[in-house]
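J.: Sharing a model prediction with you, sequence too.
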Amino acid sequence: MNDKNTVIVIGLGRFGQSVCRRLAALKQEVIGVDNDMHRVEEVADIIDLAAQIDATDEEALIKIGAKEANVAIVAIGENIEASILATSILRGLDVKHIIARAQNSLHARVLAQVGAHRVIFPERDMGMRLADTIVFPWLSEFATLPGSSYLIGSIDVTDEMIGKTLAELNFRNKYNLTILMLERKGTKFIPGPDTVLQQGDILTVIGEREDIDKLQNL
């Protein structure tokens, strides 16, 4: 991400603090708020602005810069009412992108109805991800493209690929995957049909999970 976003994180529990720390490491401008002063103090030296406020107080949110934020993350955990109210207020302030944490499916529906652009289930998603990486160990090297079922990540060339061009392999049709980049001895480039694959080459590919799994198990 090249452009610097202003992100407000509401709720500084373990999840909210983790988001703050990562955003700060990625050089984004971060505003973190919570009604617990101890939590605020834990991130005060890491992010641009940390404030103890009631996230259901519209005026307080305006004062700390919520209207200027590109992204708002409502990371409130147990207090469902507060998360819904904060999300509604942020939508009323015309924040461009609101991501809200849900506890259950009903909570998620309400968050969407009051204005969340995206609803997440951190605990559920993390549990599913962990289970998936046990069954599909290679999955830890891949990321899911937002809003799709496609995965993107890196694979090592297999023995059957070595010494052959991509055209000879008919790679796209044979594996149902698209190569985005090739890494060879630390150098990355976009391969062409005549590129001969060598031992040690690493391919960055995009495709469906089942197709990547088939290739990984050849």
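T.: Done, it's in.

J.: and the closest residue to Leu49 other than its chain neighbours, what does it touch?
T.: Nearest non-adjacent residue to Leu49, counting by Cβ to Cβ, 6 or more residues apart in numbering: Ile31, 4.7 Å away. No exception for glycine: its C-beta is placed from N, CA and C like everyone else's. Residues near Ile31 by Cβ atoms under 8 Å, 6 or more residues apart in numbering: 6-9, 47-51, 64-66, 69.

J.: Any of those residues buried? List them.
T.: Thr6, Val7, Ile8, Val9, Ile47, Ala50, Ala51, Ile64, Gly65, Ala66, Ala69 (16 or more other Cβ atoms under 10 Å).

J.: Could you tell me how far Thr165 is located from Gln198?
T.: Thr165 sits at a distance of 11 Å from Gln198 (criterion: Cβ to Cβ, to the nearest Å).

J.: And Val114, by the same measure?
T.: In terms of Cβ to Cβ, Val114 sits 55 Å off from Gln198.

J.: which one of the two has more residues nearby?
T.: Neighbour totals were compared for Val114 and Gln198, and Val114 leads with 19 against 13 (other Cβ atoms under 10 Å).

J.: List phi and psi for that one.
T.: phi -90, psi 0 (degrees, to the nearest 10).

J.: which secondary structure elements does the worst-scoring helix or strand of the chain on mean pLDDT contact?
T.: Here the helix or strand of the chain ranked lowest by mean pLDDT, DSSP states H and E is helix 122-135, holding a mean of 77. On a contact count with 3 or more Cβ pairs under 8 Å, 6 or more residues apart in numbering; DSSP states H and E, helix 122-135 meets no helix or strand.

J.: Touching, Arg67 and Lys96? I think so.
T.: Quick fix: residue 67 is Lys, not Arg. No: Lys67 lies out of contact with Lys96 (Cβ atoms under 8 Å); the separation is 10.7 Å.

J.: Among these two, which residue is more densely surrounded?
T.: Lys67 (14 against 10).

J.: The more buried one should be in a helix, yeah?
T.: Yes: assigned with DSSP: H, G, I helix; E, B strand; the rest coil, Lys67 falls within a helix.

J.: Identify each of the strands in the chain and give its residue range.
T.: Taking DSSP state E, the strands of the chain run over residues 6-10, 29-34, 49-52, 71-74, 97-101, 118-120, 142-144, 150-156, 178-184, 187-189, 202-208.

J.: Just put those in JSON lines and tack on distance to Asn170 and mean pLDDT.
T.: Output for the strands of the chain, formatted as JSON lines (distance: least, Cβ to Cβ, whole Å; pLDDT from 0 to 100):
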{"stretch": "strand 6-10", "distance to Asn170": "45", "mean pLDDT": "96"}
{"stretch": "strand 29-34", "distance to Asn170": "47", "mean pLDDT": "97"}
{"stretch": "strand 49-52", "distance to Asn170": "55", "mean pLDDT": "97"}
{"stretch": "strand 71-74", "distance to Asn170": "42", "mean pLDDT": "96"}
{"stretch": "strand 97-101", "distance to Asn170": "41", "mean pLDDT": "95"}
{"stretch": "strand 118-120", "distance to Asn170": "38", "mean pLDDT": "92"}
{"stretch": "strand 142-144", "distance to Asn170": "23", "mean pLDDT": "84"}
{"stretch": "strand 150-156", "distance to Asn170": "17", "mean pLDDT": "91"}
{"stretch": "strand 178-184", "distance to Asn170": "12", "mean pLDDT": "95"}
{"stretch": "strand 187-189", "distance to Asn170": "21", "mean pLDDT": "95"}
{"stretch": "strand 202-208", "distance to Asn170": "15", "mean pLDDT": "94"}
